[in-house]
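Participant: sequence plus the predicted model coming up.
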Amino acid sequence: MAATYIVLMGVQGAGKGTQAPKLAEKYNLPHVSTGALFRAMKTQDTPLAQIQATMAAGKLVSDEQTFEVLKDRLQKSDAANGAILDGFPRNLAQAEALDAFLKTSGQRVTIVPYLELNRDLAIRRITDRWECSLNEDHKYNLTTKPPQVKGKCDIDDAPLKQRKDDTPEAATARINDFFSLTTPLLDYYRKRNLLRPINADQPIEKVTADLVRVIDEAVQHLVA
């Protein structure tokens, strides 16, 4: 039986973090975010100690190390029917490694929805993100979910802070990197007829509906 592997792509700020959990619930698939996996590893006792050491030293995790983390996650029982991949692959080498791994079990990438957003809007969405300095789960967006009192958390009145990678300078650099690395990857999936562009500059519910539509079409094609 074919499993469903959804590679959710999109520039930072396009809404992957909002849409992936919705898709995970609808399709009963785990949301596998490489960023979340790396953050969790900082406090976990794992045999992938070399990767922890790399992160602790502030160094970039290699493609090979990243794939080892992803492969370990995809081999968990809850991913037996597939997964929603968020943050992987980021380049051609990672895409090819994923294809080779899935092929060993007779599987393949099902579909690649791509949340499209223009560069300026993406930067604005990122720089609008702030969080409570006492509890990072208390999150705000200056445009869509501003605090009641400027610069203060609604829940505990603590000052809000901006993550280092959400500053205008950092956001611009991240987005420039995304487009330079992703263009070849988009071409790779486009040539295989897996890429499905989705307009991310729409209400959340409309983006979700568009995602469900293209995923359902891909899944039905697999069954047929």
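Facilitator: Sure thing, it's come through.
Participant: using the three-state scheme, assign R174.
Facilitator: helix (DSSP: H, G, I helix; E, B strand; the rest coil).
Participant: to clarify, my last question referred to G35.
Facilitator: helix.
Participant: near the nearest residue to it once chain neighbours are set aside, how many other residues are there?
Facilitator: Of all residues not flanking G35 in the chain, G87 sits nearest, at 5.2 Å (C-beta to C-beta, 6 or more residues apart in numbering). For every residue, glycine as well, the C-beta is placed using N, CA and C. When counting by other C-beta atoms under 10 Å, one arrives at 20 neighbours for G87.
Participant: quick check, P89 in contact with A95.
Facilitator: Yes. The pair P89 / A95 is scored as a contact, 4.1 Å apart, by C-beta atoms under 8 Å.
Participant: quick one: which of these two has more around it?
Facilitator: Taking neighbours as other C-beta under 10 Å, P89 and A95 compare with P89 leading, 27 against 20.
Participant: ok, that one - contacts?
Facilitator: By C-beta atoms under 8 Å, 6 or more residues apart in numbering, the contact list for P89 reads 7, 95, 97-98, 185.
Participant: for the chain, which segments count as helices?
Facilitator: 16-27, 34-41, 49-56, 63-74, 92-103, 119-127, 168-191, 204-223 (DSSP state H).
Participant: so how far is stretch 184-193 off the chain centroid?
Facilitator: 18 Å (C-alpha atoms, centre = their mean, to the nearest Å).
Participant: what's the answer for stretch 171-179, then?
Facilitator: Relative to the chain's own centre, stretch 171-179 is displaced by 15 Å; criterion: C-alpha atoms, centre = their mean.
Participant: now do L23 against A218, distance only.
Facilitator: Distance of L23 to A218, computed by C-beta to C-beta, to the nearest Å: 12 Å.
Participant: can you check L142 too?
Facilitator: According to C-beta to C-beta, L142 stands 36 Å off from A218.
Participant: out of the two, which sits in the busier spot?
Facilitator: Comparing L142 with A218 by neighbour count (other C-beta under 10 Å), the higher total belongs to A218, at 19 against 16.
Participant: quick check: that one touching T110?
Facilitator: Yes. Checked against C-beta under 8 Å, the pair A218 and T110 is within contact range at 5.3 Å.
Participant: just give me the residue right at the centre of this protein.
Facilitator: D86 (2.9 Å; C-alpha atoms, centre = their mean).
Participant: A79 and V32 touch, don't they?
Facilitator: Yes. Applying C-beta under 8 Å, one finds A79 in contact with V32, separated by 7.1 Å.
Participant: please enumerate the shared neighbours of these two.
Facilitator: Contact criterion C-beta under 8 Å, 6+ apart; residues shared by A79 and V32: R73.
Participant: more neighbours, the two?
Facilitator: V32 (26 against 16).
Participant: bridging residues for the more buried one?
Facilitator: Here V32 sits in beta bridges with L85, going by DSSP bridges.
Participant: return the residues in contact with the closest residue to the residue nearest to the centre of the chain other than its chain neighbours.
Facilitator: Leaving aside its chain neighbours, D86 sits nearest to S33 (4.3 Å; criterion: C-beta to C-beta, 6+ apart). Contact analysis of S33 by C-beta under 8 Å, 6+ apart lists 17, 20, 86-87.
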